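1. What follows is a predicted protein model with its sequence.
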Amino acid sequence: MNKIYVQLTNGFGNNIFQYVAARLLAEHHNKELCALAPYRDYYAIEDLKKIGVNIVDHTFPPQDSITINENNYLEAYSKHYENSNLFLNGYFEDYRFYFEYLKKIKTWFPEQKTRDDNDLLIHMRT
């Protein structure tokens, strides 16, 4: 069976985008999803495993893999790619990749309770 490999980068938030992009593609093509940690002792491995990410031990996908990045991601949904190993390498932060799948994606993660306070959270990326 062909697989989809996703190269995780440093940063748990980045990893969530990478995982979601890879999982959507894996489910579309009915392929196993394997995540590659950025390094052996990556701090987020255990937390990623808790949400169901399959971290594999090796650090490189098979040599016959087709590389998928943000530029050809949507093309990778075509039948042309269904019988190949795919290697996702990028950040995949474009909302257009996910917009029509938001309800589905939300089911992959633990439900968060609505807060009753008036706190304001700001996420800054530098």
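-> Yep, that arrived.

2. So the residue nearest in space to the middle of the chain versus Gly13, what's the distance?
-> Using CA atoms, centre = their mean, the residue of the chain that lies closest to the mean C-alpha position is Tyr19, 1.4 Å off. Applying CB to CB, to the nearest Å, the value for Tyr19 to Gly13 is 11 Å. Every residue, glycine included, has its C-beta placed from N, CA and C.

3. where exactly do the helices run in this protein?
-> Secondary structure of the chain (DSSP state H): helices at 12-29, 45-50, 102-106.

4. neighbouring contacts of the second one?
-> Among residues not part of helix 45-50, those counted as contacts by CB atoms under 8 Å, 6 or more residues apart in numbering are 8, 12, 15, 19, 35, 37, 55.

5. so where do the strands sit in the protein?
-> Using DSSP state E, the strands found in the chain span residues 3-7, 32-36, 55-56, 66-68, 86-88.

6. Dump the ones you listed into TSV; add mean neighbour count as well.
-> Shown next, in TSV, are those (neighbours: other CB atoms under 10 Å):
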stretch	mean neighbour count
strand 3-7	24
strand 32-36	19
strand 55-56	14
strand 66-68	18
strand 86-88	24
